[in-house]
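Chemist: sequence unknown, structure follows:
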């Protein structure tokens with residue numbers, strides 16, 4: 001009974017319950033899966049395409065789409081040098097979708113829907129999968145944070161991370177995008193590596209290898225999570241040298257991790273070999289890549305188009321907390337800082353640093369489990385301040401969280417544009433969910449062609465320049 005009562009009054013558990021209720025309620029109200037051209041759209045076509053191609057059409061080379069325009073629209077593909085078609089994204093998401101796809105496939109016909117991979121049961125299954133992985137990640141994030149922070153701090157951290165950021169958008173309207181899944185897996189990864197450094201068990205070792213495999217198979221750039229594994233709780237240069245020696249001495253376990261990683265990636269290597277002739281294949285168009293010598297570091301965090309701090313303001317406090325780690329929880333400072341800087345740099349180097357249609361900078365969502373350490377540190381620091389200072393910071397935090405929620409509502413209403421926001425457009429529609437008449441005159445599109453060359457201008461600027469030269 002005592003254990004039951006302690007759980008009933010555990011605010012961190014209630015934070016999970018509240019988050020789950022809010023997410024499910026929003027999905028139920030939106031019923032986004034009901035639209036025929038919903039859920040399986042844009043990048044999701046490629047994430048998901050492996051499953052209908054393999055299990056319904058029995059053709060992973062997508063030959064069945066060659067002379068069928070309707071089917072071609074359902075698969076995000078490019079042609080390879082050997083004349084076959086390849087899905088643009090790697091298959092990590094398909095692995096996570098698979099059990100939900102299978103369940104939908106089993107019941108589709110009995111419910112009166114086509115067992116074609118795209119009817120309502122499949123779309124609903126993908127939305128359910130997003131909520132499932134979100135909550136799984138939140139559960140493990142809570143378990144990890146409770147080792148180092150109080151229950152109230154953990155509760156607020158979880159609520160803010162899920163409900164006051166753009167993560168909420170990616171478990172509702174765009175529920176099958178990769179970011180909530182990556183957030184979940186990286187949160188689990190943090191929990192597992194923390195346990196591994198306490199006890200290097202075979203089970204934890206296997207889990208680490210599998211997690212690095214699936215996390216990087218979803219988004220290859222997320223391979224940088226190995227930084228966390230290498231630097232976990234390293235505080236000095238001497239610690240770094242000691243850690244390297246430690247890992248070398250644990251070489252049998254490191255090899256086991258690599259084997260597990262390879263097992264996860266093996267189907268992808270085989271797939272690429274079959275459709276392209278090479279075990280490694282860059283499946284995006286050649287004109288889409290990274291400009292590592294021209295990272296848009298400022299734009300990714302402070303531009304009005306997609307600035308991380310502007311459209312996800314509560315994360316300002318998470319970054320402040322990362323700075324506070326040095327004095328308050330130094331064992332997390334270097335792994336979190338180094339990982340975050342790498343993630344920021346890589347995100348800023350992609351040709352389309354605004355990442356297409358999205359609310360804020362969606363790639364940062366993947367790292368919210370890591371940034372939660374900073375957010376919990378900030379909240380702990382605030383709890384120790386004087387009454388006046390505490391009141392000021394709590395007020396600012398609540399306002400930032402509310403603003404993040406308001407941004408989600410505005411993005412759904414259309415008054416935050418998916419790619420063309422400006423400072424003028426932002427303030428023109430600040431109090432409106434739907435865009436005003438003048439708002440449309442204040443947005444400015446980027447020049448996509450120049451962006452693919454690493455040159456960033458507005459489309460109207462290049463139009464004016466070309467007119468002058470005529």
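Modeler: Nice, thanks for sending it over. Bear in mind that the values here come from a model prediction, so they are computed numbers and not experimental data. Residues are numbered from 1 along each chain as shown.
Chemist: shaky segments in the protein?
Modeler: Low-confidence segments of the chain, defined by pLDDT under 70, span residues 1-8, 463-470.
Chemist: in it, which spans are strands?
Modeler: Along the chain, the stretches classed as strands by DSSP state E are 77-79, 85-87.
Chemist: deepest of those, which one?
Modeler: Ranked by mean neighbour count under mean count of other CB atoms under 10 Å, the strands of the chain are led by strand 85-87, which reaches a mean of 23. The way it works is simple: take the backbone N, C-alpha and C, and place the C-beta from them, glycine included.
Chemist: How about residues contacting that one?
Modeler: When contacts are taken as CB atoms under 8 Å, 6 or more residues apart in numbering, the neighbours of strand 85-87 outside the stretch itself are 46, 49-50, 53, 61-63, 65-66, 75-80, 272, 275-276, 281, 283.
Chemist: Mark which of these are part of helices, please.
Modeler: With helices identified by DSSP state H, the entries of the contacts of strand 85-87 that belong to them are 46, 49-50, 53, 272, 275-276.
Chemist: Out of the strands of the chain, flag the one nearest residue 150.
Modeler: strand 85-87 (45.4 Å; CB to CB).
Chemist: Note down every partner strand of the closest one and its orientation.
Modeler: Each strand that strand 85-87 pairs with, and the sense of that pairing, follows from DSSP bridges: strand 77-79 (antiparallel).
Chemist: As a markdown table, the strands of the chain with distance to residue 363 would be great.
Modeler: A markdown table is the format used below for those (distance: least, CB to CB, whole Å):
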| stretch | distance to residue 363 |
| --- | --- |
| strand 77-79 | 22 |
| strand 85-87 | 20 |
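Chemist: Would you mind saying which of those lies nearest residue 23?
Modeler: Nearest to residue 23 among the strands of the chain is strand 85-87 (28.4 Å), distances taken as CB to CB.
Chemist: Hmm, residue 220 is touching residue 90, no?
Modeler: Yes. The pair residue 220 and residue 90 passes the contact test of CB atoms under 8 Å, sitting 6.4 Å apart.
Chemist: More neighbours: those two, which one.
Modeler: A direct count of neighbours by other CB atoms under 10 Å for residue 220 and residue 90 places residue 90 higher, at 23 against 14.
Chemist: show me what contacts that one?
Modeler: So residue 90 contacts 217-218, 220, 268, 283 (CB under 8 Å, 6+ apart).
Chemist: give me that answer again for 6 Å
Modeler: With contacts taken as CB atoms under 6 Å, 6 or more residues apart in numbering, residue 90 has the following neighbours: 217, 268.
Chemist: Which residues are in contact with residue 40?
Modeler: Contacts for residue 40 (CB under 6 Å, 6+ apart) come out as residue 48.
Chemist: Repeat the analysis, applying 8 Å as the threshold.
Modeler: Contact partners of residue 40, counting by CB under 8 Å, 6+ apart, are 48, 74, 118, 122-123, 126, 176.
Chemist: Help me confirm that residue 179 comes into contact with residue 362.
Modeler: Yes. Look at residue 179 against residue 362 with CB under 8 Å: they come within range, at 5.3 Å.
Chemist: contacting residues for the closest residue to residue 290 other than its chain neighbours?
Modeler: Sequence neighbours aside, residue 349 is the residue nearest to residue 290 in space, at 4.5 Å (criterion: CB to CB, 6 or more residues apart in numbering). The neighbours of residue 349, taking CB under 8 Å, 6+ apart as the test, are 290-292, 294-296.
Chemist: please redo it, this time with the cut-off set to 10 Å
Modeler: With contact set as CB atoms under 10 Å, 6 or more residues apart in numbering, residue 349 has these partners: 221, 289-297, 300, 454.
Chemist: which residue is nearest the middle of the chain?
Modeler: By CA atoms, centre = their mean, the mean C-alpha position of the chain lies nearest to residue 179, the distance being 2.3 Å.
Chemist: Distance-wise, check that residue relative to residue 218.
Modeler: Here the distance between residue 179 and residue 218 works out to 9 Å (CB to CB, to the nearest Å).
Chemist: Now do the shared contacts for these two.
Modeler: Overlap between the contact sets of residue 179 and residue 218, as judged by CB under 10 Å, 6+ apart, is given by residue 366.
Chemist: so what's the residue nearest to residue 320 when sequence neighbours are not counted up against?
Modeler: For residue 320, ignoring the flanking residues on the chain, the nearest one in space by CB to CB, 6+ apart is residue 378 at 5.3 Å. The contact partners of residue 378, taken as CB under 10 Å, 6+ apart, are 153, 157, 316-325, 328, 393, 397.
Chemist: which among those end up buried?
Modeler: Restricting the contacts of residue 378 to buried positions leaves 153, 157, 316-322, 324-325, 393, 397, with burial counted as 16 or more other CB atoms under 10 Å.
Chemist: so what's the residue lying closest to residue 272 once chain neighbours are set aside up against?
Modeler: Beyond its immediate neighbours in the sequence, the residue positioned closest to residue 272 (CB to CB, 6+ apart) is residue 281, lying 4.2 Å away. With contacts taken as CB under 10 Å, 6+ apart, residue 281 has the following neighbours: 80-81, 86, 90, 268-269, 271-273, 275.
Chemist: Looking at the residues you listed, spot the one nearest residue 353.
Modeler: Relative to residue 353, the closest of the contacts of residue 281 is residue 90; by CB to CB it sits at 21.1 Å.
Chemist: quick one on the thing from earlier: with distance to residue 242 as added columns, please give the contacts of residue 281 in TSV.
Modeler: Rendered in TSV, the data for the contacts of residue 281 read as follows (distance: CB to CB, whole Å):
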residue	distance to residue 242
80	47
81	48
86	44
90	35
268	35
269	35
271	41
272	39
273	41
275	45
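Chemist: Just the buried ones out of these, please.
Modeler: In these, burial by neighbour count holds for 80, 86, 90, 268, 271-272, 275, counting by 16+ other CB under 10 Å.
Chemist: rewinding a little: ok, the buried ones among the contacts of residue 378 vs residue 459, which is closest?
Modeler: Within these, proximity to residue 459 (CB to CB) peaks at residue 316, which comes in at 30.4 Å.
Chemist: Count the residues that sit near the closest residue to the closest one other than its chain neighbours.
Modeler: The spatial neighbour of residue 316 that comes closest, neighbours along the chain excluded (CB to CB, 6+ apart), is residue 309 at 5.3 Å. Counted with other CB under 10 Å, residues neighbouring residue 309 total 17.
Chemist: need the contact list for residue 309.
Modeler: 300-303, 315-316, 319, 360-361, 400.
Chemist: try residue 356
Modeler: Residue 356 makes contact with 42-43, 362, 418-419 under the criterion CB under 10 Å, 6+ apart.
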